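*Asks:* Kindly return the folded structure for what I paste below:
(one chain, ligands or ions: 2)
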Amino acid sequence: MSLVVDIHKRLGAFHLDVAFEAENGITCLLGPSGCGKSYTLKCIAGIERPDSGHIELDGRVLFDSEQKIDLPPQKRQVGYLFQNYALFPNMTVAQNIRCGLHREKDKALREQRLREMIRLMRLEGLEKHRPYQLSGGQAQRVALARIMVSEPKLLMLDEPFSALDGHLRDLLKIELRDILRSYGREVLMVTHSREEAYNLSQEIAVMDAGQILAQKPTKALFADPGSPQAALLTGCKNIAPAVRIGPHAVVVPSWGVRLQTAAEVREGLKAVGIRAHYFHPAAQQNRYPVTFVEEMEEPFETIIQFRYDAQAPASPPIWWRLPKDKKPQKFPEEMGIAPANILLLY
Ligand code: ADP
Ligand code: MG
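*Replies:* Ligands and ions are numbered 1, 2, ... in the order given. Modelled structure (predicted):
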């Protein structure tokens, strides 16, 4: 199973230039609102047409501007779960799901597949309900059932949790993850949420302003995002320009510190990133005097902002995040950071 995408589109001032490949399991496009995620999915589904490029699914060309190939959506074998699920409001749950089965001509077989899908999605008893009678989670499962019942080669999910919140979202994430794993086909999901991307995908392509910045296995991306924008999108709070001064040493002028790094610093370094969780008052390396700025409480964690004593006045305070029960009685005079926890950004 593999998807190859390399497309270009001008939308007024916005330029989409997206190239990535996805195979095996769940791949996620992670990027901020407006970066072109939904438009990319629409091009793959055949609802929008790129100006130029190539889209291929399992060796079958869906779109190629040079070869003048542009398969209509219904021939692409691609399922697309819209951001708002888009159920037919005047149809029942069963009727909605049957829409995904219109190509199955054998009535008995059609009803059998409908029943199987209703069981798989745990929608028994809701067959005659209409969309307005469903909870957010049920509506999501009906929409997913309608798509999956047509057995697309590629399943695309556009911000599948954006209509849901809190506890329900967490429950559905686990549920959807299990459904998708058992589905055993290619899944392409887009989201602006790094938590959702981390929870669900094996591979992430980071997207910003119409371009793919990096593509890596999920854990590797969070461990080493590679660029300042990708570090920001994976939730890194502290990013500052840095200069290489040796194979394992950098200077961060705006923080007024010099840091030893575990990874080798290559030429072309732009910045360093330090995740808010990684500071430690007891860490022996990269220790510098610090001053408390302010503090904010969350239910189980505390966020403390501090400044290095030698930090430039215009440089924003640094974020330190720690579990409440680990918070020291008194704000430390010096803060350290393990060399392995410094992200090198190019
Ligand atoms: P995302 O899903 O990442 O939030 P979109 O793919 O919806 O972003 O949109 C990316 C950019 O393309 C936005 O700037 C949006 O205004 C623009 N855009 C989307 N669809 C169209 C369209 N049909 N015509 C013109 N511009 C569009
Ligand atoms: Mg979108």
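*Asks:* residue contacts, residue 270?
*Replies:* By Cβ atoms under 8 Å, 6 or more residues apart in numbering, the contact set of residue 270 is 227-228, 241-242, 345-346. All C-beta atoms are positioned from the backbone trio N, CA, C, and that covers glycine.
*Asks:* Can you check the pLDDT for it?
*Replies:* Looking at residue 270, its pLDDT is 98.
*Asks:* what about residue 251, helix or strand, and which?
*Replies:* Assignment of secondary structure by DSSP states H and E places residue 251 within strand 249-252.
*Asks:* what are the pairing partners of that strand, and which direction each?
*Replies:* The strands that strand 249-252 pairs with in its sheet are strand 243-246 (antiparallel), strand 257-260 (antiparallel) (by DSSP bridges).
*Asks:* ok, and for that strand, which residues are buried?
*Replies:* Across strand 249-252, burial judged by 16 or more other Cβ atoms under 10 Å covers 250-252.
*Asks:* Do a quick rundown of the helices in the stretch 201-346 of the chain.
*Replies:* Taking DSSP state H, counting those that start in this stretch as the test, the helices found in the stretch 201-346 of the chain are 218-223, 228-233.
*Asks:* what's the burial count for residue 294?
*Replies:* When neighbours are counted by other Cβ atoms under 10 Å, residue 294 registers 9.
*Asks:* is it in a bridge, and if so with what?
*Replies:* residue 305.
*Asks:* thought it was touching residue 305?
*Replies:* Yes. In this structure, residue 294 is within contact of residue 305 by Cβ atoms under 8 Å, at 5.1 Å.
*Asks:* Find residues that contact each of the two.
*Replies:* residue 317.
*Asks:* Give me the distance between the residue nearest to residue 137 when sequence neighbours are not counted and residue 125.
*Replies:* Nearest residue to residue 137, sequence neighbours excluded (Cβ to Cβ, 6 or more residues apart in numbering): residue 172, at 5.2 Å. Plainly put, residue 172 is 19 Å away from residue 125 if you go by Cβ to Cβ, to the nearest Å.
*Asks:* Who are the contact partners of residue 176?
*Replies:* If you count contacts by Cβ under 8 Å, 6+ apart, residue 176 has them with 140, 144, 160, 200.
*Asks:* low pLDDT regions in this protein?
*Replies:* 163 (pLDDT under 70).
*Asks:* what residues are up against whichever residue of the stretch 101-250 of the chain sits closest to ligand 1?
*Replies:* Relative to ligand 1, the nearest point of the stretch 101-250 of the chain is residue 190 (6.6 Å; Cβ to the nearest ligand atom). Counting by Cβ under 8 Å, 6+ apart, residue 190 touches 28-31, 37-38, 40-41, 156-159.
*Asks:* how does it look with 7 Å?
*Replies:* The contact partners of residue 190, taken as Cβ atoms under 7 Å, 6 or more residues apart in numbering, are 28-29, 37-38, 41, 158-159.
*Asks:* Tabulate the contacts of residue 176 in TSV, adding columns for secondary structure, neighbour count and distance to ligand 1.
*Replies:* Compiled in TSV, the contacts of residue 176 are given as follows (DSSP: H, G, I helix; E, B strand; the rest coil; neighbours: other Cβ atoms under 10 Å; distance: Cβ to the nearest ligand atom, whole Å):
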residue	secondary structure	neighbour count	distance to ligand 1
140	helix	24	18
144	helix	24	19
160	coil	25	13
200	helix	26	17
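*Asks:* buried residues in the biggest helix by length in the chain?
*Replies:* Secondary structure of the chain per DSSP state H: the longest helix is helix 166-183. Buried residues in helix 166-183, defined by neighbour count with 16+ other Cβ under 10 Å: 169, 172-173, 176, 179-180, 183.
*Asks:* Count the residues that sit near residue 300.
*Replies:* Around residue 300 there are 8 other residues, counting by other Cβ under 10 Å.
*Asks:* check contacts around it.
*Replies:* Residues near residue 300 by Cβ under 7 Å, 6+ apart: 323-324.
*Asks:* Report the separation between it and ligand 1.
*Replies:* Using Cβ to the nearest ligand atom, to the nearest Å, residue 300 is found at 31 Å from ligand 1.
*Asks:* do the same with residue 33
*Replies:* Distance, residue 33 to ligand 1, by Cβ to the nearest ligand atom: 4 Å.
*Asks:* That residue contacts residue 192, doesn't it?
*Replies:* Yes. Using Cβ atoms under 7 Å, residue 33 makes contact with residue 192 at a distance of 5.6 Å.
*Asks:* who's more crowded, the two?
*Replies:* Per other Cβ under 10 Å, whichever of residue 33 and residue 192 has more neighbours is residue 192, with 18 against 8.
*Asks:* residues touching the more buried one, list them.
*Replies:* Residue 192 makes contacts with 31-33, as judged by Cβ under 7 Å, 6+ apart.
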